[in-house]
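Q: Structure, please.
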Amino acid sequence: MAFKLTKDPIVAAIIKRANDRSNAGIDSYGGTMADAKKSLHSWIDDAQEEAWDLIVYLEKIKSILPK
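A: Purely as a prediction, here's the structure:
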């Protein structure tokens, strides 16, 4: 029997997606986040780029939603 982390199917789906994304990243980059070595400034740059993408995605969603 598989171990369940949560009884909530929505949370379970999020956990599965995070796990799948992690495994894809390991395959793509050849290591885990724990193995990754970057400068603090590089990590900040990466986080800023992700945040900018999020803003663009949210703006797109807003443009689709009724006012």
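Q: ok, now which ones touch Gln48?
A: Going by CB atoms under 8 Å, 6 or more residues apart in numbering, Gln48 touches no other residue. All C-beta atoms are positioned from the backbone trio N, CA, C, and that covers glycine.
Q: which SSE is it in?
A: helix 40-64 (DSSP states H and E).
Q: in that helix, what counts as buried?
A: Judged by neighbour count (16 or more other CB atoms under 10 Å), helix 40-64 contains no buried residues.
Q: could you give the mean pLDDT of it?
A: Averaging pLDDT along helix 40-64 yields 98.
Q: Which strand or helix spans the residue nearest the centre of the chain?
A: By CA atoms, centre = their mean, the chain has its centre lying nearest to Ala18, at 6.4 Å. Following DSSP H and E, one finds Ala18 within helix 9-29.
Q: which other residues reach that helix?
A: Residues from elsewhere that reach helix 9-29, judged by CB under 8 Å, 6+ apart: Lys4, Leu5, Thr6, Thr32, Met33, Ala36.
Q: give me the number of residues near the closest residue to the last one other than its chain neighbours?
A: In other words, Ala36. Once flanking residues are discounted, Ala36 sits nearest to Tyr29: 7.5 Å by CB to CB, 6 or more residues apart in numbering. Using other CB atoms under 10 Å, Tyr29 has 11 neighbouring residues.
Q: now swap in Leu65 and tell me
A: 7.
Q: what does Ile26 give?
A: For Ile26, using other CB under 10 Å, the count is 13.
Q: Before I go, just wanted to say thanks for your time.
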